[in-house]
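Visitor: what follows is a predicted structure for the sequence shown.
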Amino acid sequence: MSRFITVIVAVIALIAGWLVYSNLPQAKPEALIYEPPRALKAFTLTSTHDGEVSNDALKGQWTLLFTGYTFCPDICPTTMSDLKQALPELQKATEAPVKVWMISVDPQRDNIKRLQEYVGYFGEDFVGVRAEHKSLFPFVRDLGLMYSIPEEGEENYLVNHSAAIILVNPNGHRKAIFNADHKRGEVPVVDMEQLKRDFAIIAD
């Protein structure tokens, strides 16, 4: 009889524990999550790793995409450096590879050789992609990002572009967007600590 009572008490304790756990507030990502994930329109770009690439190049991995250019004085080098430091922790959260795509929004100056040298500094998990504006602009717009195009003949210029980071899942679909923090007097960049926390939840 005492054994029966012990079993009953144990079962009740398990049920009580499960009820408490199930009613605890669950961690939710602060990123904008796309539910369901959104397929990307067909694209063709040139990659620093694989030459010509299409939608299939995004499959089988988690990919963080952002717009940038090699002449960028602030947002791009800061974001690349932050992602380089964050990447090992991001990789621990998933068995699938985690890659970074820097989408050059300055095709006039960023040829593939210059782009290779730039992204190569950050490591083999960083990929540069480019295209002429005719193919580039629709791809960037489909991601929900933007960039400015310089006046014809202009040589020394800055390119205004989004500072957000897009997360694409291993099916090649847009899963989330991490928006940059815009603080007065500071470079607008994504909060990497929040990105790491959100990614761990999303990739789980």
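Guide: Alright, I've got the coordinates. Numbers count the residues shown, from 1 in each chain.
Visitor: checking my notes, residue 176 in a strand, right?
Guide: Yes - when DSSP: H, G, I helix; E, B strand; the rest coil is applied, residue 176 is found to be in a strand.
Visitor: what about it, distance to residue 80?
Guide: The spacing between residue 176 and residue 80, counted by CB to CB, to the nearest Å, is 19 Å. No exception for glycine: its C-beta is placed from N, CA and C like everyone else's.
Visitor: okay, now the unreliable bits of the chain?
Guide: Residue ranges of the chain with pLDDT under 70: 1-28.
Visitor: report the central residue of it.
Guide: residue 64 (2.4 Å; CA atoms, centre = their mean).
Visitor: elements contacting the helix or strand hosting it?
Guide: Using DSSP states H and E, the secondary-structure element containing residue 64 is strand 62-68. Under the contact definition 3 or more CB pairs under 8 Å, 6 or more residues apart in numbering; DSSP states H and E, strand 62-68 sits against helix 75-92, strand 98-104, strand 165-168.
Visitor: and the longest one with strand 62-68, angle?
Guide: Okay, so that is helix 75-92. Using axes from the mean of the first three to the mean of the last three CA atoms, to 10 degrees, the direction of helix 75-92 lies 180 degrees away from that of strand 62-68.
Visitor: what comes up buried for stretch 32-42?
Guide: Residues of stretch 32-42 classed as buried under the neighbour-count rule (16 or more other CB atoms under 10 Å) are 34, 37, 40.
Visitor: setting aside sequence neighbours, what's the nearest residue to the second one?
Guide: Read that as residue 37. In space, and not counting its chain neighbours, residue 37 is closest to residue 173: 3.7 Å by CB to CB, 6 or more residues apart in numbering.
Visitor: just checking, the one you found touches residue 39?
Guide: Yes - using CB atoms under 8 Å, residue 173 makes contact with residue 39 at a distance of 5.3 Å.
Visitor: give the buried residues for stretch 82-102.
Guide: Applying a neighbour-count criterion of 16+ other CB under 10 Å, one finds 82-83, 86-87, 89-91, 93-94, 98-102 buried in stretch 82-102.
Visitor: and of these, the nearest to residue 158?
Guide: Looking at those and their distance to residue 158, the nearest is residue 102, at 16.7 Å (CB to CB).
Visitor: quick one, what contacts the closest one?
Guide: Residue 102 makes contact with 66, 67, 68, 76, 80, 115, 118, 119, 126, 127, 128, 129, according to CB atoms under 8 Å, 6 or more residues apart in numbering.
Visitor: at 10 Å what do you get?
Guide: Contact criterion CB atoms under 10 Å, 6 or more residues apart in numbering gives 48, 64-70, 72, 76, 79-80, 83, 110, 115, 118-119, 122, 126-130 as the residues in contact with residue 102.
Visitor: thank you kindly, that will do.
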